[in-house]
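Participant: Provide a 3D model corresponding to the input given below.
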Amino acid sequence: MSDDAYFKNKVCVITGAGSGIGRALAENLAKRGAELALSDIDAEGLAETVRRCEQLGAKVKSDRLNVAEREAVLLYADAVKAHFGVVHQVYNNAGIAFHGEVLRSEFKDIERIMDVDFWGVVNGTKAFLPMLIESGDGHVVNVSSLFGLIAVPGQSAYNSAKFAVRGFTESLRQEMLVGKHPVKVTCVHPGGIKTAVARNATYAEGIDGKSAASMFDKKLAIHTPEMAAQTITEGVRKGHGRVLIGWEAKLLDVFVRVTASGYQRIAAAVNRPFLP
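Facilitator: Numbering: from 1, shown residues only. Coordinates of the predicted model:
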C-alpha cells in the first residue's frame with residue numbers, strides 16, 4: 001500500500017495545529033487525502049492552517065481548544081465524532097515550554113506545563129480512545145520530546161511532562177496489545193525543530209528568555225517542521241511504537257542508554273555555562 005493510500009479518507013485529529021509540527025502534520029495529511037479535525041488555542045494561526053489544508057482539497061473541521069480543559073476536550077471529541085461519524089487517528093501534539101531550575105520555579109509554573117503537556121495528552125487520548133477502538137483501525141500518536149529521553153538542568157518541569165507522556169504512551173501501547181484492541185500507539189520524540197516553542201516559552205525569574213530563545217533558534221533548531229511531519233507519518237504508516245526525529249535525538253538516545261545515570265554529570269557540565 002502506498003503512503004497516500006494508507007491515509008486516504010482517514011479522519012485525523014490534530015491538536016496544536018496552528019503552527020509548527022501541528023501545521024506541518026495537517027498539511028502532510030491533507031496532501032495524502034485525509035479528513036482533518038484541527039484545533040489550537042491560537043485561533044489566528046489555526047485559521048491559516050485551515051486555509052492551507054482546504055487549498056490542498058482536504059475536508060476540515062476546526063475548533064479553538066485548550067487541551068488542558070478536560071470537559072472541553074471531551075465535548076470536542078463528541079463533536080468530532082458527530083461531524084465525521086468516525087475517528088481513525090489522533091495526534092496529541094499541543095504543547096508549551098518553560099525554562100527554570102526547581103529552586104527558581106513557582107508551583108504554578110510547573111503545574112501549567114503539566115496541565116498542557118501531560119494532561120493535555122491524557123485528555124485527548126482518553127476522550128478519543130473509545131472512538132479509535134470502534135473504528136477498527138485506530139492510532140494514537142502522542143508527541144513527547146527529546147527531553148522525554150534525556151533530562152537536562154533548567155528543564156525540570158518540561159522534562160517531567162515529557163517523560164510522563166513517554167511512560168503513559170508506552171504503557172497504553174502495551175495495554176492495546178494485551179487487550180487485542182485495533183489501535184496502534186506511537187510516541188514521538190522530536191529533536192531540534194524550527195518552531196516557535198522557544199520564542200513562546202515562559203521563564204523563571206532571572207532568566208534572559210530572549211537570549212535563550214535566540215540560542216535555540218540559531219544553534220539547536222536544525223530540522224524543519226515538514227521534515228518532522230514526514231518522519232511522524234512514515235512512522236505511523238509502519239506502525240512504529242517510537243519515532244525519533246533528527247540525528248541528535250537518535251544519538252542522545254543511545255548516549256543515555258550507554259551511560260545510564262552517568263550522563264547526568266556530563267549534561268550538568270555542558271549546561272553549567274548557560275545557567276544563572
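
Participant: ok, so what distance separates residue 152 from residue 88?
Facilitator: From residue 152 across to residue 88, the span is 36 Å (CB to CB, to the nearest Å). (Glycine included, C-beta is placed from N, CA and C.)

Participant: of the two, who's got more company?
Facilitator: Neighbours per residue (other CB atoms under 10 Å) separate residue 152 from residue 88, with residue 88 holding more: 22 against 19.

Participant: which residue packs closest to the more buried one, ignoring adjacent ones?
Facilitator: residue 10 (4.3 Å; CB to CB, 6 or more residues apart in numbering).

Participant: What does the pLDDT read for the one you found?
Facilitator: Note on residue 10: pLDDT of 98.

Participant: cool, the one 4 residues further on as well?
Facilitator: Residue 14 is assigned 98 on the pLDDT scale.

Participant: What of residue 272?
Facilitator: 81.

Participant: so what's it up against?
Facilitator: residue 153 (CB atoms under 8 Å, 6 or more residues apart in numbering).

Participant: again with residue 19
Facilitator: 40, 42, 45, 49, 195, 196.

Participant: Next: residue 24.
Facilitator: When contacts are counted by CB under 8 Å, 6+ apart, residue 24 is found next to 224, 225, 226, 228, 229.

Participant: can I get those in TSV with neighbour count?
Facilitator: Below are these laid out as TSV (neighbours: other CB atoms under 10 Å):
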residue	neighbour count
224	14
225	20
226	16
228	25
229	25
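
Participant: nearest to residue 28, of the residues you listed?
Facilitator: Taking CB to CB as the measure, residue 28 lies nearest residue 229 of the contacts of residue 24, at 4.2 Å.

Participant: worst-scoring helix or strand of this protein, pLDDT-wise?
Facilitator: When the helices and strands of the chain are compared on mean pLDDT, DSSP states H and E, helix 209-215 comes out lowest with a mean of 58.

Participant: re the thing from before, buried among the contacts of residue 19? Need that as a selection in PyMOL.
Facilitator: Buried residues within the contacts of residue 19, by 16 or more other CB atoms under 10 Å, are selected in PyMOL with:
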select buried, resi 40+42+45+49+195+196
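
Participant: Could you point out which of the contacts of residue 19 is nearest to residue 134?
Facilitator: Closest approach to residue 134 among the contacts of residue 19 (CB to CB): residue 40, at 25.8 Å.

Participant: leaving aside the residues next to it on the chain, what's closest to that closest one?
Facilitator: Going by CB to CB, 6+ apart, residue 40 has residue 18 as its nearest residue, at 3.3 Å.
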